[in-house]
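Asks: Predicted structure and sequence below. I'll ask about it afterward.
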Amino acid sequence: MSDKVLIIIGDASETLDTLYPYYRLQEGGFEPVVAGPRRGSFQMVMHEIKPGWTITKEWEGYTIEAQIAFSEIIPEQYAGIMFSGGRAPEYIRYDEHLVAATRWFVEQGKPVASVCHGVEVLAYADCVRGRKMATVPKCKFDLEVCGGTFVDEACVVDGNIVSGRTFHDNGRYFGAFMNLLEEARTAAAGGVGA
């Protein structure tokens, strides 16, 4: 089994939504592979609701390199896929190659993680129907209009899909995704759970 795991990004991906999984995957012995609409550098952002604000304020964050384009994804070469949040999913969800890859991972039962706006990609790809998921509350409509059920919890596991609401849930939901990846790796090696 491959140790490579896709992280899906675009311009305006949320910094903590993206970098926490990137380094946790490395720590767990997996190889994060960042995929974007094209190869190259993308501008991430940081989000916070400031005192007195009722909506998220956004700042520029770090940049990140997409090692491959969505059109270059060969799903069979990866152990799992992670959809970062921020505003990127608002536009990357319309990429036909990303939609096809998303459906493949969900249908094959491979580990899938989503945080914050990442649900917009899964919803557009028709992969949330009948699923319970966490997401940032402002994406509840996107989830439910596509047949999913919104759960306001820090970590929701429904089959092979693990989800969290925002980066504030990183320490609660991402471990469940790491567990799914590890179980798949153990099973592929013929160990317990095979």
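Replies: Ah, there it is. Quantities reported herein were computed from a predicted structural model and do not represent experimental measurements.

Asks: contacts and neighbour counts: CA atoms only from here.
Replies: Noted.

Asks: Let me see the ranges of the strands in the protein.
Replies: Per DSSP state E, the chain has strands spanning 4-8, 31-36, 40-48, 57-66, 68-69, 80-83, 112-115, 132-133, 149-150, 156-158, 161-164. These are given in chain order.

Asks: Reformat these into TSV and put distance to Asn170 next to each item.
Replies: Rendered in TSV, the data for the strands of the chain read as follows (distance: least, CA to CA, whole Å):
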stretch	distance to Asn170
strand 4-8	15
strand 31-36	16
strand 40-48	14
strand 57-66	17
strand 68-69	25
strand 80-83	12
strand 112-115	8
strand 132-133	15
strand 149-150	18
strand 156-158	12
strand 161-164	7
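
Asks: For the most centrally placed residue in the chain, which residues are in contact?
Replies: Per CA atoms, centre = their mean, the C-alpha nearest to the average position across the chain is that of Phe83, at 1.8 Å. Counting by CA atoms under 8 Å, 6 or more residues apart in numbering, Phe83 touches Ile7, Ile8, Ile9, Val112, Ala113, Ser114, Val115, Gly118, Val119, Val121.

Asks: and what of Gly159?
Replies: Taking CA under 8 Å, 6+ apart as the definition of contact, the neighbours of Gly159 are Gly109.

Asks: Just list whatever residues bridge to the residue nearest to the centre of the chain.
Replies: Going by DSSP bridges, Phe83 is paired in beta bridges with Ile8, Ser114.

Asks: And for Trp59?
Replies: Under the criterion used here (DSSP bridges), Trp59 is bridged to Met46.

Asks: and it, what pLDDT?
Replies: Among the per-residue scores, Trp59 holds a pLDDT of 93.

Asks: if I look at it, how far off is Gln43?
Replies: Using CA to CA, to the nearest Å, one gets 11 Å for the distance from Trp59 to Gln43.

Asks: neighbour count winner among these two?
Replies: Legend: neighbour count by other CA atoms under 10 Å for Trp59 and Gln43, higher for Gln43 (17 against 11).

Asks: For that one, give its distance to Gly52.
Replies: Gln43 sits at a distance of 27 Å from Gly52 (criterion: CA to CA).

Asks: Equivalent analysis for Trp59, please.
Replies: With the distance defined as CA to CA, Trp59 ends up 17 Å from Gly52.
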